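Undergrad: got a predicted model here, sequence first, then my questions.
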Amino acid sequence: MSEIALRRFVPTDSQWLVARHQDLYARDEGFDESFGPLVAEILHDFCLDHDPACEQGWIAHRGDQRLGSIFCVRQGAQTAKLRLFLLTPEARGQGLGKLLLRQCMNFARSAGYRDMQLWTHESHHAACALYTAFGWQLLSSKPVHSFGQDLVEQSWGVQLVDETA
């Protein structure tokens, strides 16, 4: 069996990413059919006008099997946003989440961002534990009704540079 590797996202990955997000979030979270179109819109916008010097996406794979994704996009002049962080069930528990998160944060640092933010839901316990382990902090939390479910939406942030230096 070949090793897990990361490669840059290419537009032909979009259909897989939309389908996997829709399927996994429907199965694991009970999300309705409105979630897939949101993922498709995020990917369409990224493909349309991302700046590769400061915005990238990665696909984790083993051979030709895709196992996960993560994206770093510009939210502001000094703030990056983590998006579309996904691990397929067969890839979980192998350290791949750490590899993807480290890749994304290191890229954001090298692109000159001072901090990163992300949006998630409280129910994503494993992801939230990973964020905490990497120094992210919960910034806000609020109950919402999204994707056909009552959820607790969260915003997280992390400083990428030492503000005291």
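TA: Thanks, I have it. Numbering: from 1, shown residues only.
Undergrad: can we go C-alpha only for contacts and neighbour counts from here?
TA: Will do.
Undergrad: give me every residue that touches Cys128.
TA: Shown in contact with Cys128 (C-alpha atoms under 8 Å, 6 or more residues apart in numbering): Glu122.
Undergrad: tell me the mean pLDDT over whichever strand or helix holds it?
TA: Secondary structure from DSSP states H and E places Cys128 in helix 125-133. In this model, helix 125-133 has an average pLDDT of 92.
Undergrad: flag every buried residue along that helix.
TA: By 16 or more other C-alpha atoms under 10 Å, the buried positions in helix 125-133 come out as Ala127, Cys128, Tyr131.
Undergrad: for the residue most central in space within the chain, what are its contacts?
TA: By C-alpha atoms, centre = their mean, the chain has its centre lying nearest to Phe85, at 2.4 Å. Listed by C-alpha under 8 Å, 6+ apart, the contact partners of Phe85 are Gly68, Ser69, Ile70, Phe71.
Undergrad: just Ala77 next, same as before
TA: Tyr113.
Undergrad: try 10 Å this time
TA: Gly112, Tyr113, Arg114 (C-alpha atoms under 10 Å, 6 or more residues apart in numbering).
Undergrad: closest to Ala19 among these?
TA: Tyr113 (30.6 Å; C-alpha to C-alpha).
Undergrad: work out for me the element that closest one sits within.
TA: Applying DSSP H and E, one finds Tyr113 in no helix or strand.
Undergrad: and it, how far from Trp119?
TA: As judged by C-alpha to C-alpha, to the nearest Å, Tyr113 and Trp119 stand 18 Å apart.
Undergrad: who has more neighbours, these two?
TA: Tyr113 (23 against 18; other C-alpha atoms under 10 Å).
Undergrad: ok, for the more buried one, nearest residue in space, not its chain neighbours?
TA: Gln78 (4.5 Å; C-alpha to C-alpha, 6 or more residues apart in numbering).
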